[in-house]
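**Student:** just need the structure, nothing else, for what follows:
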Amino acid sequence: MEELKERIIIKQDLKIKKIKIQDLFLRLIAENLFQKVFKYSAKLPLSDFYLTQEERMEKENMAALQNVREEGDKSPNIIKDNFIWSKMIPYKKGQIIENAVKLKDIGKLNVLSLDDKVQTLLSYDDAKPWSKIALENEFSIGENSYEVIRREKLFKEIQQFESEILFRSGWDGINHPAQLEDNRNPKFKMYIVNGILRKSAGLYSQGEDIWFEYNADFNNLDADVLETKSELVQLAFLVTAIRNKFAHNQLPAKEFYFYIRAKYGFADEPSVALVYLNFTKYAINEFKKVMI
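**Tutor:** Modelled structure (predicted):
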């Protein structure tokens, strides 16, 4: 009898060891797949995912109750999931750091980190850490966020300024002035060069209007070159670059940000978008002082 019990115990131990080995390989496979899919390594200890049969049944029963909630019940949804994707792990990719992120949200963070605006923002201070909520506040949440300033404030300033140039350029309400066009299409650069600069000839050096119209690279800023230009042309260049980037849902390169803050201030603004908005307002006010 004792010998039989011992054989049963040994057989059960072997089954348990076999299951443990299978679980270990499954964990290693899961970690490898996670790395390949999300380009981010994560440790997935089995102890974090194990639930007893009673715990699983309790969660499933609670989730099923969602189907019989009374009208007006606004209590949080209880989701029947596989538990694994809700596991919290630390996340660090470059300057983006989160102490606890659900496994299912890693992909969203990876996509966020690859966004052009995010990469440009990170380049403004490559030593500054950013959390997900800090990036959301910078780009999408609140009155000082990029999206709100871009959609509701900056373009409003630009459009009002364009309207003033348009009427001062002899617009009859029907035919758009040719001098404000490029290849028969209205273009902000032409509004600036013909609507502002060439009507203020005494305020910039000879040939700077030609440089602005034909040679200026609004995607890149060479501070040494820009500093040789007159103040009016510097403002024109910077405003045009900002307007173009925001029109394409982008941020200007870090050189623009540093140049504006170093020369014109706006260092204490709560968001980078607000720096560009307030500089644009300042530049437009300066333009209006010389408009005829």
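**Student:** so which strand or helix has the residue nearest the centre of the chain?
**Tutor:** Closest to where the C-alpha atoms of the chain average out (C-alpha atoms, centre = their mean) is Val118, at 4.0 Å. Using DSSP states H and E, Val118 falls within helix 116-124.
**Student:** for Arg150, which non-adjacent residue is closest in space?
**Tutor:** Leaving out its chain neighbours, the residue that sits closest to Arg150 by C-beta to C-beta, 6 or more residues apart in numbering is Phe246, at 5.1 Å. For every residue, glycine as well, the C-beta is placed using N, CA and C.
**Student:** in a helix, that neighbour, correct?
**Tutor:** Yes: counting by DSSP: H, G, I helix; E, B strand; the rest coil, Phe246 is part of a helix.
**Student:** how near is it to Thr240?
**Tutor:** Using C-beta to C-beta, to the nearest Å, one gets 11 Å for the distance from Phe246 to Thr240.
**Student:** and the helices in the stretch 151-292 of the chain?
**Tutor:** 155-168, 188-195, 208-210, 223-226, 231-247, 254-264, 272-290 (DSSP state H, counting those that start in this stretch).
**Student:** right, and Arg90 touches Asn99 too?
**Tutor:** I think there's a mix-up here, since residue 90 is Pro and not Arg. Yes: counting by C-beta atoms under 8 Å, Asn99 is a contact partner of Pro90 at 5.7 Å.
**Student:** could you dump the helices of the stretch 151-292 of the chain to a markdown table with distance to Gln95, mean pLDDT and mean neighbour count?
**Tutor:** Formatted as a markdown table, those follow (distance: least, C-beta to C-beta, whole Å; pLDDT from 0 to 100; neighbours: other C-beta atoms under 10 Å):
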| stretch | distance to Gln95 | mean pLDDT | mean neighbour count |
| --- | --- | --- | --- |
| helix 155-168 | 29 | 94 | 16 |
| helix 188-195 | 33 | 94 | 22 |
| helix 208-210 | 38 | 93 | 18 |
| helix 223-226 | 24 | 91 | 13 |
| helix 231-247 | 21 | 96 | 21 |
| helix 254-264 | 13 | 94 | 17 |
| helix 272-290 | 14 | 95 | 19 |
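**Student:** let me have those in TSV, extended by distance to Lys17.
**Tutor:** As requested, the helices of the stretch 151-292 of the chain are exported to TSV (distance: least, C-beta to C-beta, whole Å):
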stretch	distance to Lys17
helix 155-168	67
helix 188-195	72
helix 208-210	81
helix 223-226	68
helix 231-247	61
helix 254-264	57
helix 272-290	57
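**Student:** and those: which comes nearest Ile8?
**Tutor:** Each of those has some distance to Ile8 by C-beta to C-beta; the shortest is helix 272-290, at 69.7 Å.
**Student:** show me what the closest one packs onto, helices and strands only.
**Tutor:** Using 3 or more C-beta pairs under 8 Å, 6 or more residues apart in numbering; DSSP states H and E, the elements in contact with helix 272-290 are helix 155-168, helix 231-247, helix 254-264.
**Student:** I'd like the ones you listed as TSV, with distance to Val148 appended.
**Tutor:** Converted to TSV, the helices and strands packed on helix 272-290 look like this (distance: least, C-beta to C-beta, whole Å):
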stretch	distance to Val148
helix 155-168	11
helix 231-247	12
helix 254-264	19
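**Student:** Gln22 is nearest to which of these?
**Tutor:** Evaluated over those, closeness to Gln22 peaks at helix 254-264, with 51.3 Å, by C-beta to C-beta.
**Student:** hmm, who's touching that closest one?
**Tutor:** 120, 123-124, 220-221, 223, 226, 238, 241-242, 266-267, 272, 275-276, 279, 282 (C-beta atoms under 8 Å, 6 or more residues apart in numbering).
**Student:** let's see that with 6 Å instead.
**Tutor:** 123-124, 221, 223, 241, 267, 279 (C-beta atoms under 6 Å, 6 or more residues apart in numbering).
**Student:** could you do stretch 231-246 as well?
**Tutor:** Counting by C-beta under 6 Å, 6+ apart, 150, 154, 158, 188-189, 192, 203-204, 208, 212, 216, 218, 226, 252, 256, 276, 280, 283, 286 sit against stretch 231-246.
**Student:** can you check stretch 156-171 too?
**Tutor:** 177, 191, 195, 243, 280-281, 284.
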